[in-house]
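1. model this:
(2 chains)
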Amino acid sequence: GAGVSQTPSNKVTEKGKYVELRCDPISGHTALYWYRQSLGQGPEFLIYFQGTGAADDSGLPNDRFFAVRPEGSVSTLKIQRTERGDSAVYLCASSLTLAGGPTSNNEQFFGPGTRLTVL
Amino acid sequence: AQSVTQLDSQVPVFEEAPVELRCNYSSSVSVYLFWYVQYPNQGLQLLLKYLSGSTLVKGINGFEAEFNKSQTSFHLRKPSVHISDTAEYFCAVSSQGGSEKLVFGKGTKLTVNP
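-> Purely as a prediction, here's the structure:
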């Protein structure tokens, strides 16, 4: 079956512009995660959705970052007034974890990422 | 809060040699442990995970890892590597009973030379 897909694969923008990054999770996966991977670093957690709601947004760096998942499937990460420091690969992952359920199926399946470059 | 330390940023080895990639973690609560692999221009792929039970975990592609609670380590090993194992390897933890988020180390670049 299809894996996690992310669009666009590459995005180049100018400082101060607004960008949207899209994630299509694996069909039926209830949990969706966004991570950011800067050059030479491991992925850093941004936000986690269980269904339509953000269960944990503690990783969002500031109020310029916002994410939605209105129908519990596709998610969009939105960045306002982009800065050069926002340049990174933005990763999306999904899993079959059920809220309050066991985490034995907690494998997160990752998409290929969107490489964001802010000039 | 949790943190993960991968002690080696780069590990070069020759083909068919054994390899160990080191991972130590810090946490005030019990954790689950994971190793992910990232091949060039591809997404992260799960190699193996420790949830509970036997401390020796076997994964895909002949990799295994051992959970050592007293040393807070989860080192990854393979007895004989192939050229195709060249990739970036990430160790990660998540807290039991908490948010499902993964906390990653900085990664270890494994290069297998002929």
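2. Am I right that A:S94 is in a strand?
-> Yes. With DSSP: H, G, I helix; E, B strand; the rest coil as the criterion, A:S94 is part of a strand.
3. what's the neighbour count on the closest residue to it other than its chain neighbours?
-> Spatial nearest neighbour of A:S94, chain neighbours left out: A:P25 (3.3 Å); criterion: CB to CB, 6 or more residues apart in numbering or on different chains. From N, CA and C alone the C-beta is placed, and that goes for glycine too. A:P25 has 27 neighbours, counted by other CB atoms under 10 Å in any protein chain shown.
4. what does B:D8 give?
-> B:D8 has 14 neighbouring residues, counting by other CB under 10 Å.
5. isn't it right up against B:V19?
-> No. Using CB atoms under 8 Å, B:D8 makes no contact with B:V19, being 10.3 Å away.
6. From the centroid of chain A, which residue is nearest?
-> With distances taken as CA atoms, centre = their mean, A:W34 lies nearest the centre of chain A, 2.6 Å away.
7. Identify the bridge partners of that residue.
-> Bridge pairing for A:W34 (DSSP bridges) gives the partners A:I47, A:C92.
8. Contact partners for it?
-> By CB atoms under 8 Å, 6 or more residues apart in numbering or on different chains, A:W34 lies in contact with A:C23, A:F45, A:L46, A:I47, A:Y48, A:A67, A:S75, A:L77, A:Y90, A:L91, A:C92.
9. Check A:G42 too.
-> B:V4, B:Q6, B:F90, B:A92, B:F104, B:G105, B:K106, B:G107.
10. And those residues, which of them are buried?
-> Applying a neighbour-count criterion of 16 or more other CB atoms under 10 Å in any protein chain shown, the buried members of the contacts of A:G42 are B:V4, B:Q6, B:F90, B:A92, B:F104, B:G105, B:G107.
11. what about B:V93, neighbour count?
-> The local packing of B:V93 (other CB under 10 Å) involves 24 other residues.
12. Does it belong to a helix, a strand or coil?
-> State at B:V93, reduced to three classes by three-state DSSP: strand.
13. I figured it was touching B:Q6, is that so?
-> No. Between B:V93 and B:Q6 there is no contact under CB under 8 Å: 11.8 Å.
14. Just flag the most distant two among the contacts of A:G42.
-> For the contacts of A:G42, the farthest-apart pair by CB to CB is B:A92 and B:K106; their separation is 11.2 Å.
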